[in-house]
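> Task: produce atomic coordinates for the following.
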Amino acid sequence: MARVGILRPMQITNSNRKKTGFLGCSRHAASVRSWTLASILILCLPAIAGPAPFAHGVVFFCPPDGDSAIAELQKILADGYNLVEFASWPWTLPKPGGRLETTATAVLNWCDAHEMRFFLMHNIQYDNLDGAYANPMGAAGLLTDWLRVLKGHPCAAGVILGNEVGPTPGSPGKNPKWWAGFITELKNRHTSIQSLNTAWETHYADFAEVMPPKAGSPGRVDYDRFAVTVFDRFYGALFRQVCEPALGRLLYAPKTSGDPLLQRACESFSMICWDDALSDYPQWRVKAMGDVSRMTGKPAFNAELHLYHDTYAYFGSPAKSRYRYFLSALNGEWASASFAYGQWTKPQTLNTHQATPGILADLRRLEAPLRAFNEATPQLHVVLSGPETSNDTIMQRLYTEFANLGCSWEYVCPQDIARLTTGAVYLPENTCLPRDSCQALADLPHNVRIVFAERNALADDYGHPVPRPLLEKIVQRACHQYGVQHLIPADEEQLTTPYTESIEASYTSWSSERGHFAYLMTYPRLEARRVQYQQGWLVAVVNHATVGKPVTAKLPWSPGKDYHVRDLTAGGTQVRSDTPQDFQPLSVRLFRYSIGVPVPSNDTM
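Below you'll find the predicted structure:
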């Protein structure tokens, strides 16, 4: 069994790929000192009861004067966006009577009047571990002026501190205060050096001898867990002690990675906020963000959506934009900010962008059915843990295996196992869970089935065997057949080809070492989802292929002659249930199967 921690420090690559500024700072500055390269986002989704509204907008680098800023805001609104993410840095504070205060106030007043949700990107970065541990309030002064300007504006609904930030573990030499806190945590958790040596498989004589554990060793569990704790506490202190007293209970988070275990572990944040880094972003991560959002009740917000750009090669197209917006909505991502307004002027980029207003209009027209897919109670629950959550290839393959089943399913973090009351729980290979999560498995209601990927595919979070009495209790509860195929309920109507087949979709990535490079990701040939609605079903069909010919197939789940079928993405056009459809690459189509009474042609649900 692999020895891994459930939580890991985040690794963000190419984090300095965009150099931008405000007022006196160049939008394409050659370099920015790392200690100031942070951003606060203020997520402007209304702080109201019920689900967060669809809110799709842009990263906004504001002109220096109010008139120019409002002229750009009018263009943004005309393009169909209802959200702006306003960029700022520690050296661009709206001091009383200053030019920035005047411009920012004009922008906020305009957003109030036009129902434009407002984000503030303001840089408070996570790069001083000793300061973060010993004095998290040290950065509070960088918030005072912005909170004063934001207060009382209905368009402002939260604060995000930090751009592409994540927990980083320290060392005794470079970060003595952080390290001292870590040793104290180890003493509290393990009580004795003998206990620690058992967990870590080490031979220390005293806690004073402990050194940073190597990657892949059992000790990384505690090391990375403490790094996440300090990261959460640092931003949490600023949110709870500075932001909330000024603005109230709004939405607060740093912009970090699409790591579902990290997002779930950070209890101080009131939204799930991340940066997708690439146009070809693995959809398993978006679904995982949406599933964590549903489980925790925190809105999911892609704070930097990468679709197309004049300078950076995102390999965008109108078809890819539509695919990303619609599939992300199916997966529970209902808010985003596209990078970056004012940087879509070249002919090819502008051509791609010109399709966006129509895409957003269609997205909002179909908001109700899109929500219905994500709000249905999942039948199957896939437990996330271990090294696989940092391996997109493995996780995307697992996504495909579950999508091919045709059942509603979700990713579940270890701390949420105890909440499950129906369906079946699946434990993938190399599942590593804390002891309390293992106990939660054993204590699940008897109507909840447990299915292993392989025999005894379970260890504790240090990679050690689960105590035999506890493991036996779990195994006695589990299905004695292994693999995903044994998850399908006996009474479930199963999918047929091509909905049960998989493909290797061509994706493009970038690294400083390799530049742009192509790689393959596993997806269903056609992904089909359904959710029951009134006297029928809502059905989604997704073609994940990025290139190639359309896939011709009959509609899934064989709607019979008693059903009236309409293509909601085509404006409610009626289609024959027995006629094969052409599903184009990167298409996401929604259908409504209605039994008995024909569905009105203008129906969106």
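
> list the buried ones in the helix or strand where V159 lies?
Using DSSP states H and E, V159 falls within strand 158-161. Judged by neighbour count (16 or more other CB atoms under 10 Å), strand 158-161 contains these buried residues: G158, V159, I160, L161. Yep, even glycine has a C-beta here, placed from its N, CA and C like the rest.

> Just flag the most distant two among those.
G158 and L161 (10.5 Å; CB to CB).

> Now do the shared contacts for those two.
Shared contacts of G158 and L161 (CB atoms under 8 Å, 6 or more residues apart in numbering): Y252.

> follow-up on the earlier one: what's the closest of the buried residues of strand 158-161 to D562?
So of the buried residues of strand 158-161, ranked by how close each gets to D562 (CB to CB), first place is G158, at 48.2 Å.

> measure that closest one to A335 for me?
G158 is 11 Å from A335, where distance means CB to CB, to the nearest Å.

> continuing past the one helix or strand in the chain whose mean pLDDT sits lowest, what's the next helix or strand?
The weakest-scoring helix or strand in the chain, judged by mean pLDDT, DSSP states H and E, is strand 40-41 (a mean of 36). Tracing the chain past strand 40-41, the next element assigned as helix or strand by DSSP H and E is strand 55-60.

> and that following strand, what other elements does it pack with?
helix 66-78, strand 83-88, strand 117-122, strand 335-338 (3 or more CB pairs under 8 Å, 6 or more residues apart in numbering; DSSP states H and E).

> quick one, what contacts P467?
R435.

> picking up where we left off before, let me have the helices and strands packed on strand 55-60 in TSV, adding mean pLDDT and distance to Y499 as columns.
Converted to TSV, these look like this (pLDDT from 0 to 100; distance: least, CB to CB, whole Å):
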stretch	mean pLDDT	distance to Y499
helix 66-78	97	39
strand 83-88	91	35
strand 117-122	86	37
strand 335-338	95	28
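
> so which of these gets nearest D562?
Nearest of the helices and strands packed on strand 55-60 (CB to CB): strand 335-338, 39.1 Å.

> wait, which of the helices and strands packed on strand 55-60 is closest to A104?
strand 83-88 (7.5 Å).

> which secondary structure elements does the helix or strand sitting right after that closest one along the chain contact?
Following strand 83-88 in sequence order, the next helix or strand is helix 99-113 (DSSP H and E). Contact analysis of helix 99-113 by 3+ CB pairs under 8 Å, 6+ apart lists helix 66-78, strand 83-88, strand 117-122, helix 144-150 as its packing neighbours.

> nearest residue to S328 other than its sequence neighbours?
Distance criterion CB to CB, 6 or more residues apart in numbering; nearest residue to S328, sequence neighbours excluded, is V286 at 5.2 Å.

> and if you look at C243?
Per CB to CB, 6+ apart, closest to C243 is V159, 4.8 Å.

> Quick check: bridge partners of the one you found?
Y252 (DSSP bridges).

> So T377 versus T421, what's the distance?
T377 is 9 Å from T421, by CB to CB.

> V448 now?
7 Å.

> Which one's more surrounded, the two?
V448 (16 against 10; other CB atoms under 10 Å).

> That one and R419 touch, don't they?
No. Assessed by CB atoms under 8 Å, V448 is found out of contact with R419, at 10.7 Å.

> Ramachandran coordinates for the closest residue in space to P260 that isn't next to it in sequence?
Distances taken as CB to CB, 6+ apart put A288 closest to P260, at 3.9 Å, once the chain neighbours are dropped. The phi/psi pair for A288 (degrees, to the nearest 10) reads phi -60, psi -40.

> list the contacts for A288?
G258, P260, L384, Y411.

> Spit out the contact partners of the residue nearest to S328.
Taking CB under 8 Å, 6+ apart, one finds G258, D276, N302, L327, S328, N331, G332, E333 in contact with V286.

> Relative to P347, how far out is the second one?
In other words, D276. Taking CB to CB, one finds D276 at 25 Å from P347.

> same thing with the fifth one?
If you measure S328 against P347 using CB to CB, the figure is 27 Å.

> Using CSV, write out every CA atom in stretch 252-271.
Provided in CSV are the C-alpha atoms of stretch 252-271 (Å, rounded to 0.1, in the frame of the first residue of the first chain):
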residue,chain,number,x,y,z
TYR,A,252,-14.3,34.4,1.6
ALA,A,253,-11.5,32.2,0.3
PRO,A,254,-8.0,32.4,-1.3
LYS,A,255,-7.6,31.3,-4.9
THR,A,256,-5.9,28.0,-4.6
SER,A,257,-5.7,24.8,-6.6
GLY,A,258,-8.4,22.4,-7.9
ASP,A,259,-7.4,19.9,-5.2
PRO,A,260,-10.7,18.6,-3.7
LEU,A,261,-9.0,17.3,-0.5
LEU,A,262,-7.3,20.7,0.1
GLN,A,263,-10.6,22.6,-0.6
ARG,A,264,-12.5,20.3,1.8
ALA,A,265,-9.8,20.5,4.6
CYS,A,266,-9.9,24.3,4.7
GLU,A,267,-12.8,25.0,7.1
SER,A,268,-12.2,28.7,7.4
PHE,A,269,-13.3,29.4,3.8
SER,A,270,-16.9,29.9,2.8
MET,A,271,-16.5,29.1,-0.9
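
> now this protein, which segments are flagged as low pLDDT?
1-53, 387-388, 456, 596-605 (pLDDT under 70).

> can you rerun that using 50?
The chain contains residues with pLDDT under 50 at 1-50.

> Now for the residue nearest to the spatial centre of it: which residues touch it?
In the chain, the centroid-proximal residue (CA atoms, centre = their mean) is M289; its distance is 3.3 Å. Counting by CB under 8 Å, 6+ apart, M289 touches G258, P260, Q263, I272, W274, A300, N302, N331, G332, E333.

> which residues does the last one contact?
When the contact criterion is CB under 8 Å, 6+ apart, the partners of E333 are V286, M289, G290, A300, F301, N302.

> among those, which are in strands?
A300, F301, N302 (DSSP state E).

> Quickly list what the closest residue to the last one other than its chain neighbours is bridged to.
Okay, so that is N302. Distances taken as CB to CB, 6+ apart place S336 nearest to N302, at 4.2 Å, with adjacent residues excluded. Note on S336: beta-bridge partners by DSSP bridges are H56, N302.

> distance of S336 from E85?
Taken as CB to CB, the span from S336 to E85 is 10 Å.

> any residues in contact with both of these two?
G57, A303.

> Give me the more crowded residue out of the two.
Ranked by neighbour count (other CB under 10 Å), S336 and E85 place E85 first, with 30 against 26.

> sorry, back to before: now render the ones in strands among the contacts of E333 as a markdown table, adding neighbour count and distance to D578.
Output for those, formatted as a markdown table (neighbours: other CB atoms under 10 Å; distance: CB to CB, whole Å):
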| residue | neighbour count | distance to D578 |
| --- | --- | --- |
| A300 | 27 | 38 |
| F301 | 31 | 42 |
| N302 | 25 | 39 |
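
> ok, so of those, who is nearest R592?
Distances from R592 to those, taken by CB to CB, are shortest for A300, at 25.2 Å.

> Give the helix, strand or coil label for the residue lying farthest from the centre of the chain.
In terms of distance from the mean C-alpha position of the chain, A205 ranks first, at 42.4 Å (CA atoms, centre = their mean). Look at A205: counting by DSSP: H, G, I helix; E, B strand; the rest coil, its state is coil.

> what's the answer for V539, then?
Under three-state DSSP, V539 comes out as strand.

> Repeat that for A545.
A545 - assigned by three-state DSSP - is coil.

> Hmm, Y507 is touching V547, no?
No. In this structure, Y507 is not within contact of V547 by CB under 8 Å, at 11.2 Å.

> Let me know the distance separating A540 from A403.
From A540 to A403 the distance is 11 Å (CB to CB).

> Quick check: neighbours shared by those two?
With CB under 8 Å, 6+ apart, A540 and A403 have common neighbours E527, A528, R529.

> buried sites along stretch 409-416?
Within stretch 409-416, judged by 16+ other CB under 10 Å, the buried ones are W409, E410, Y411, V412, C413, P414, Q415, D416.
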